[in-house]
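> Structure for this input, please:
(chains A and B)
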Amino acid sequence: MASFGSFLNALAELSTPMMLFHVAWATLLGIVVGSLPGLTATMGVALLTSLTYGLDRDAALTVLICMYVGAIYGGSRSAILLNIPGTPASAATSLDGYPLAQQGRAAYAMGLATAGSAIGTLLGILFLVLIAPPLAEAALKFGSFEFFWLAVFGIVISGQLTSSGDALKGYIAGILGLVVAMIGSDGIHALIRFNFGIRELNGGIGLIPAMVGAFGFAEVLTAMSSPGGILSKAPSGSDRTVPRLIDLWKYRLTVVRSGILGTLVGILPGVGEDIGAWASYAAAKRSSRERELFGKGSQEGLIAAETGNSAVVPGSLIPAVTLAVPGSASSAVLIAAFFIHGIRPGPMIMIEQPDFIYLLAVMLLFATLAILVYGLSLTRVFVAVLKVPHAFLMPLVFTLCVIGPYAISQRLFDVWVMVFFGVIGFFLRKMNYPMAPLVLGIILGDLLDKSLRRGLILSDGDITPFFTRPISAAFVVIILTAILANIPAVKKGFLRLLARSGGPGG
Amino acid sequence: MSMKKADMITALLLVVVALWLLVGGYRMDRLEIRQIHPASIPGLVPMILGVLLLVCAALLFGRARVGSDGAAIDFGNTGRLIWTAVLCLGYSVGLIGHAPFWLATFLFVTAFVAVFSWGRDDNGSAKLRRIAIAVVTGAVASGAISALFLYGFLVRLP
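Okay, the predicted model is just below:
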């Protein structure tokens, strides 16, 4: 009940004309960014972080949240119309969205995607409000030992789930991120490490320039060297946009399951919206009565993917706010934005700023309402947006990539950092190294380093508390299981054991 | 380049980074003068990361050596990629900081639009029209972005 009161207070606080104006433009911009292949939600949030530097806290965070929600939803536009996901989060959407568009039902597919996204975000908001406060309370019991394993858990899980089947490359990306985090002043004794004699590196590598490079410049290079898509049939006048309630009711179980799965995936550190969509899509396909339609224009598949990816957004904010561990790449940027605007995410959040979680929930709610309005009314307008050629769009994006990081620090050095990470990010992506663990490594490096050394100081150099404290031991078991499951010999042995125990007489 | 070759080269580069971390972490100041706890030396985590990276590099190299060549890495249209890289690097590293931001941005956007909207089969007047569009786009983009940051966000431009 107290939660509901706090939520209403937050609603009243943010329901000002100026805030609604920010919601309107930022969500629209987010949908446009998400719908344009080559521009991702993370890039949009990273660029807007520098643009909203001068706004007050609530306005700046509202703009960033609306950009995030809008971009994840907007990716479905190009997935349905071009068969090119506007963001990786919409890859599963294109499997059924594009066939629906080819059948002349593009507007209805976009309407379904809108409804799925809205419901997914709403479910995620519900979980955010329900889970975040007790999680923050539970996290108060975390000491250095637990935080060390939490950081390791984040890198391992993110490396494993985002690496499209090659966990080793995911781990390497995560370790490289941790290596980057070792540059600059160390968190305990303030000794400058690995600065190569460059004074600008004393404070470490800035997260925003690194992310703008890895997600912005690298995307510009990728988009300019990739072929464009072919626009499917434009929505016809007879094709309805507003989904029939009976369609949504028919797939209610799929919607709820996808919302829960998406939120859970969001809570996992560094595992983003694309995994949320794929997990929901796979679960829906497995349990569907019309399985044969999946991939050929299944409404259920489309709703599952869109509900799943949108539920990740609030889900990813749960660990971001309560543990300062990002649930996705975009929420990693949001953590940086929190610090810029004077909010210290972590277990103390419910003590220092108990209303903040409810403010976030209201911001997400406003963004959801905005995507509903835009999604159901501007369907045909977005078709025109998709026709903007890359030759005109990408130089503007790159100009923002250059001036954005500069605007925050007023240092040309950060422009060079952006360029460096853009080039490295481009080559790593081409060699199938996922970017999310790299970013997570940069964020969690300091936590991992400080927690390990603080833990060792507390235990006087004894490592046993890292394995014997209950929460630490649970983390160790999960991490070891996750790593061992990737070793072919172990996997084969386990399957053989399973087969033997399930066989005759077993 | 095949993925196998790329993985082998990457593994070697990772070994270099790992050794750099190991040596750098080992030789790092242990702050005995401040009498810190020996378990909290700043070089500890870099050394651990060096060992982990060395293990990963060995696994990557070993796997690539016994595996098949696999498909070549797809860099897309390399001509367009090189043009994009040259223009972007020329702007961000060459022009920014050496020329006023508005001029650098105007030159970059104009050149980018002109290069990538250039049609091989265009006749004289079509080429002129494309250049004119590129110049107008460059001027509008440079003016709008400069004004937004200068007057909207009160940022001193480079």
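> tally of neighbours for residue 129?
Chain wasn't specified; assuming chain A. 20 (other C-beta atoms under 10 Å in any protein chain shown). C-beta: built from backbone N, CA, C; applies to glycine.
> That was the other one, I meant chain B.
B:Arg129 has 12 neighbours, counted by other C-beta under 10 Å.
> Got phi/psi on it?
Main-chain torsions, B:Arg129, degrees, to the nearest 10: phi -60, psi -40.
> what does A:Ser185 give?
Backbone torsions of A:Ser185, given as degrees, to the nearest 10, read phi -70, psi 130.
> I figured it was touching A:Gly204, is that so?
Yes: applying C-beta atoms under 8 Å, one finds A:Ser185 in contact with A:Gly204, separated by 6.8 Å.
> Look up how far chain A lies from the residue lying farthest from the centre of chain B.
Largest separation from the mean C-alpha position in chain B: B:Gln35, at 41.3 Å (C-alpha atoms, centre = their mean). Counting by C-beta to the nearest C-beta, to the nearest Å, the gap from B:Gln35 to chain A is 11 Å.
> and that residue, what pLDDT?
pLDDT for B:Gln35: 85.
> Could you check which helix or strand contains A:Ile208?
Assigned by DSSP states H and E, A:Ile208 falls within helix A:207-212.
> which residues are in contact with that helix?
A:42-43, A:46-47, A:49-50, A:180, A:329, A:332-333, A:336, A:401, A:404-405, A:408-409, A:414-415, A:417-418, A:421, A:439, A:442-443 (C-beta atoms under 8 Å, 6 or more residues apart in numbering or on different chains).
> more neighbours, A:Ser185 and A:Gly204?
Using other C-beta under 10 Å, the more surrounded residue of A:Ser185 and A:Gly204 is A:Gly204, with 22 against 17.
> list the contacts for the more buried one?
So A:Gly204 contacts A:181, A:183-185 (C-beta under 8 Å, 6+ apart).
> Which one of the residues you listed sits in the busiest neighbourhood?
For the contacts of A:Gly204, the largest neighbour count, defined by other C-beta under 10 Å, is 23 neighbours, found at A:Ala181.
> Tell me how far whichever helix or strand B:Gly24 is part of lies from the chain's centre.
Using DSSP H and E, B:Gly24 sits within helix B:3-27. Mean C-alpha position of helix B:3-27 versus that of the full chain (C-alpha atoms, centre = their mean, to the nearest Å) differs by 19 Å.
> The next helix-or-strand element following it: which residues count as buried?
Under the assignment DSSP H and E, the closest C-terminal helix or strand after helix B:3-27 is helix B:44-66. If you call a residue buried by 16 or more other C-beta atoms under 10 Å in any protein chain shown, then helix B:44-66 has these buried ones: B:44-50, B:52-54, B:56-57, B:60-61, B:64.
> just how off-centre is the helix or strand following helix B:44-66 within its chain?
Downstream of helix B:44-66, the next assigned helix or strand under DSSP H and E is helix B:78-89. Counting by C-alpha atoms, centre = their mean, helix B:78-89 is centred 12 Å from the centre of its parent chain.
> what is the rounded mean pLDDT of helix B:78-89?
For helix B:78-89, mean pLDDT is 95.
> Now do the buried residues in it.
Buried residues in helix B:78-89 (16+ other C-beta under 10 Å): B:80-81, B:83-85, B:87-88.
> a markdown table for those, including distance to chain A?
Shown next, in a markdown table, are those (distance: C-beta to the nearest C-beta, whole Å):
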| residue | distance to chain A |
| --- | --- |
| B:Arg80 | 5 |
| B:Leu81 | 4 |
| B:Trp83 | 8 |
| B:Thr84 | 4 |
| B:Ala85 | 7 |
| B:Leu87 | 8 |
| B:Cys88 | 5 |
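> any chance of those in JSON lines, with distance to A:Leu161 too?
Output for the buried residues of helix B:78-89, formatted as JSON lines (distance: C-beta to C-beta, whole Å):
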{"residue": "B:Arg80", "distance to A:Leu161": "32"}
{"residue": "B:Leu81", "distance to A:Leu161": "29"}
{"residue": "B:Trp83", "distance to A:Leu161": "36"}
{"residue": "B:Thr84", "distance to A:Leu161": "31"}
{"residue": "B:Ala85", "distance to A:Leu161": "31"}
{"residue": "B:Leu87", "distance to A:Leu161": "36"}
{"residue": "B:Cys88", "distance to A:Leu161": "31"}
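> residues contacting B:Leu53?
Per C-beta under 8 Å, 6+ apart, neighbours of B:Leu53: A:172, A:175-176, A:179, B:14, B:17-18, B:21.
> By mean pLDDT, flag the weakest helix or strand of chain B.
The helix or strand of chain B with the lowest confidence, counting by mean pLDDT, DSSP states H and E, is helix B:124-147 at a mean of 92.
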